[in-house]
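Can you look at this prediction? I've put the sequence above it.
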Amino acid sequence: MELIRKRFDKIKSFFQPEGITKRWMTNTLLVTAVILAIILAISVYAVASYYRTYASNVLFSYANDSVTTFFSPYLDGTEESFQEKSMEFVENFTDKSKVEVMVIDRHGRVAVSSSGFAVEETMKSMDDVTDAMESKTGISSWAGFNENGEHVMSVAMVFPTSDGNFKGAVRFVTSLSSIDSQIYGFVAIVFLIYIIALAFVMVSGSFFIKTIVVPVRKINDATKEFTQGNFDVRIELAGNEKDEINELAESVNNMLNEVSATDKIKNDFITTVSHELRTPLTAIKGWGEMLRELGPDDIELAKRGTEIIISESERLSQLVEELLNFSRIQNGTLSLRLEKIDVLAELDETIFVFKERSKRDGIELTYSAPELPAPMMADPNRIKQVFVNILDNAFKYTESGGMVSVEAYISEGDLIIQVLDTGCGIAQEDLPNVKMKFFKANLQVRGSGIGLAVVDELIKMHNGTLDIQSKLGIGTTVTIALPVEVVEVQNEDSLINEIIGEDISDV
């Protein structure tokens, strides 16, 4: 029953098409049918005209000057002599089997007919004779149906006279039945070809349309499933051909993969941010409740609790700032407050802050930088944010006993800053994604996963570049390149004055 229902649905869909198939049926197929019908009509008309013109020319060839010459001596004679000459003309006519010859006398009656039967028809009922009388050439043709319903064609030629009176005529009549049969046969063949051509167009067109409609329907169904939450659905490619449909399916699959990956990253981000918020909030709430219960003698414990609350509040502030920066980047509202700064001075301050952390975490911090300044137009707060984020990541992913090395040097007009750590490293398959929003290669380490995305955008806004190289289990090297002004140092005091805008001799 299910098989029968499917077959019925296919037949129904063929005769009641929808969508692209319906559009093709009503547009392309209709136009094709009309064009073929016009070609059919023109072909039939041309063939019919050819045959009938040919028959008319044959009949006109019989009505020539020799006929007039043959009858001229007897037009003014007796009726008996005209009758005898008419019988002689009919007997000598060679195509009596194909063409009926009638000789009409001066009274408008058929004097002799090659059919051998008496003809009751008179000149008044012979339109071709009447038209020939009015014609300047004295010859006229006619086609139609006789009294027996037979389709015939006739050519009449009246005998010329000097007094203008009717002296007689010769009429040649032939049946068009054989010609009509040939025309009908041609029409049948052309109509059969028309049906076959139309059927071929329908079948080939339907097959072609199905090769488009079925894959598009699969793509549509897959996207519907995807929007309903099935993120594992993918589109099966039809064969290995690189046509537009397969390219579309491949593009949609790539889009689904990207959206799935983004959704996973988003979920991980939500989980991470929730954890990042919960941990300091729990600590703040716990120590707040404890401080409320402490007595006046628990000064040291109260001091420790206050420091923890301040520290966790700073973590919350940093997380909120990262989210705000990311939101500004997404909305295109992140702006820079540019001023001339010494980038190395900002790096020095950042290194100084992290020295205490290196001692606390048991991580060796080394720093190497040229003594020359590196001036550039930049936002000092954003530049420092970049350095803090990069160093914070290096310390987060490096265990106690490890090392973080910072080296800065100027090369071809760029300040190159390399931050190398001996931490856990990043897997090669994760390396292309580390600068993506919400991505975290290691979910065990605290962080929102948007820090590097913000850093990358800030560096780009300063016309710089950020490159990350890493090996799993060995460590990571982050390279920052910022365009700076190259200054030749001749007088150290004057150069520093130029950078910081002060005269150090007054200090």
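Received, thanks. Numbers count the residues shown, from 1 in each chain.

Return the backbone torsion pair for Ser368.
When read as degrees, to the nearest 10, the backbone of Ser368 gives phi -140, psi 130.

and what of Leu466?
Torsion angles at Leu466 (phi, psi; degrees, to the nearest 10) stand at phi -130, psi 120.

What of Ser175?
Dihedral pair for Ser175: phi -80, psi 140, per degrees, to the nearest 10.

repeat for Ser113
phi -140, psi 140.

same for the helix or strand hosting Ile308, what does it pack against?
According to DSSP states H and E, Ile308 maps onto helix 299-331. Identification of packing neighbours for helix 299-331 by 3 or more C-beta pairs under 8 Å, 6 or more residues apart in numbering; DSSP states H and E yields helix 244-293, helix 451-461. Using the backbone N, CA and C atoms, a C-beta is placed for each residue, glycine as well.

Could you figure out how far that helix is turned away from helix 451-461?
Computed by axes from the mean of the first three to the mean of the last three C-alpha atoms, to 10 degrees, the angle separating helix 299-331 from helix 451-461 equals 50 degrees.

still on that earlier bit, nearest to Ser313, of the helices and strands packed on helix 299-331?
helix 244-293 (6.7 Å; C-beta to C-beta).

helices and strands around the closest one, which ones?
helix 177-227, helix 299-331.

Kindly present these as JSON lines, with separate columns for distance to Ser86, mean neighbour count and mean pLDDT.
JSON lines is the format used below for the helices and strands packed on helix 244-293 (distance: least, C-beta to C-beta, whole Å; neighbours: other C-beta atoms under 10 Å; pLDDT from 0 to 100):
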{"stretch": "helix 177-227", "distance to Ser86": "27", "mean neighbour count": "14", "mean pLDDT": "83"}
{"stretch": "helix 299-331", "distance to Ser86": "110", "mean neighbour count": "14", "mean pLDDT": "79"}
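
got those as CSV, with distance to Lys264 columns?
Listed next are those as CSV, based on distance: least, C-beta to C-beta, whole Å:
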stretch, distance to Lys264
helix 177-227, 14
helix 299-331, 18
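
Figure out which of those is closest to Thr398.
Nearest of those to Thr398, taken as C-beta to C-beta: helix 299-331 at 18.9 Å.

Check the offset of that closest one from the chain's centre.
Centroid displacement of helix 299-331 relative to its chain, using C-alpha atoms, centre = their mean, to the nearest Å, is 50 Å.

Could you do stretch 160-180 as well?
That offset, for stretch 160-180, works out to 70 Å (C-alpha atoms, centre = their mean).

For the remainder of this discussion, apply numbering that starts at 37.
Right, with 37 as the first residue, what we last looked at is stretch 196-216.

Quick one: end-to-end distance for that stretch.
Stretch 196-216 has its terminal residues 34 Å apart, counting by C-alpha to C-alpha, to the nearest Å.

Enumerate the positions of stretch 508-515 that are buried.
When burial is assessed from 16 or more other C-beta atoms under 10 Å, stretch 508-515 yields the following buried residues: 511-514.

Which element is encountered next along the chain beyond the helix holding Ile344?
Next along from helix 335-367, by DSSP H and E: strand 375-378.

Tell me the helices and strands packed up against that following strand.
Applying 3+ C-beta pairs under 8 Å, 6+ apart, one finds that strand 375-378 makes contact with strand 411-414, helix 416-432, helix 528-536.

With mean neighbour count, mean pLDDT and distance to Tyr86 added, can I get these in CSV?
As requested, these are arranged in CSV below (neighbours: other C-beta atoms under 10 Å; pLDDT from 0 to 100; distance: least, C-beta to C-beta, whole Å):
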stretch, mean neighbour count, mean pLDDT, distance to Tyr86
strand 411-414, 20, 92, 89
helix 416-432, 20, 89, 89
helix 528-536, 14, 47, 101
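
Make CSV from those and add distance to Val67 to it.
What follows is these, written out as CSV (distance: least, C-beta to C-beta, whole Å):
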stretch, distance to Val67
strand 411-414, 65
helix 416-432, 63
helix 528-536, 77
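
quick one, which of these is nearest to Arg364?
Arg364 lies closest to helix 416-432 among these, at 11.2 Å (C-beta to C-beta).

can you give me the offset of the closest one from its chain's centre?
45 Å.

cool, and stretch 85-92?
Distance of stretch 85-92 from its chain centroid, counting by C-alpha atoms, centre = their mean, is 54 Å.

Identify all contacting residues around it.
For stretch 85-92, the surrounding residues in contact (C-beta atoms under 8 Å, 6 or more residues apart in numbering) are 177, 179, 189, 191, 210, 212, 215, 218-219.

before we move on, the earlier item: out of the helices and strands packed on helix 280-329, nearest to Ser79?
Closest approach to Ser79 among the helices and strands packed on helix 280-329 is made by helix 213-263 (5.5 Å; C-beta to C-beta).

Specify the angle between the closest one and helix 280-329 in degrees.
Going by the same axes, to 10 degrees, helix 213-263 is angled at 20 degrees with respect to helix 280-329.

In terms of secondary structure, what does helix 213-263 contact?
Applying 3+ C-beta pairs under 8 Å, 6+ apart, we find helix 213-263 packed against helix 55-60, helix 66-98, helix 280-329.

Check the helices and strands packed on helix 335-367 for me and report the most buried one.
Counting by mean count of other C-beta atoms under 10 Å, helix 487-497 has the highest mean neighbour count of these, with a mean of 20.

any idea how far the residue nearest to Lys496 when sequence neighbours are not counted is from Lys300?
Residue nearest to Lys496 in three dimensions, not counting chain neighbours: Leu502, with 8.0 Å by C-beta to C-beta, 6 or more residues apart in numbering. As for Leu502, its distance to Lys300 is 24 Å (criterion: C-beta to C-beta, to the nearest Å).

wait, what's in contact with the nearest residue to Gln464 once chain neighbours are set aside?
The shortest distance from Gln464 to any non-neighbouring residue, by C-beta to C-beta, 6+ apart, is to Leu508 (7.4 Å). Neighbour list for Leu508: 460-464 [criterion: C-beta under 8 Å, 6+ apart].

Give me the ChimeraX select line for these, limited to the buried ones.
Of the contacts of Leu508, the buried ones go into a single ChimeraX selection, burial set by 16+ other C-beta under 10 Å:
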select :460,461,462
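
Please state the offset of stretch 410-422 from the chain centre?
Its chain's C-alpha centre and that of stretch 410-422 lie 46 Å apart, by C-alpha atoms, centre = their mean.

What of stretch 376-392?
Here stretch 376-392 is found 53 Å from its chain centre; the criterion is C-alpha atoms, centre = their mean.

contact partners of that stretch?
With C-beta under 8 Å, 6+ apart as the criterion, stretch 376-392 contacts 401, 403, 405-406, 408-414, 416, 419-420, 423-424, 427, 431, 440, 442, 444, 451, 453, 518, 520, 535-536.

same thing with stretch 260-280?
The contact list for stretch 260-280, computed with C-beta under 8 Å, 6+ apart, reads 247, 251, 254-255, 258, 281-282, 285-286, 288-289, 292, 295-296, 299.

swap the cut-off to 7 Å and go again
With contact meaning C-beta atoms under 7 Å, 6 or more residues apart in numbering, stretch 260-280 is reached by 251, 254-255, 258, 281-282, 285-286, 288-289, 292, 296, 299.

got it, and stretch 290-299?
Contacts with stretch 290-299, where a contact means C-beta under 7 Å, 6+ apart, come from 262, 267, 270.

and the first one, how far is that from Lys246?
In this structure, Phe262 lies at 24 Å from Lys246, with C-beta to C-beta as the measure.
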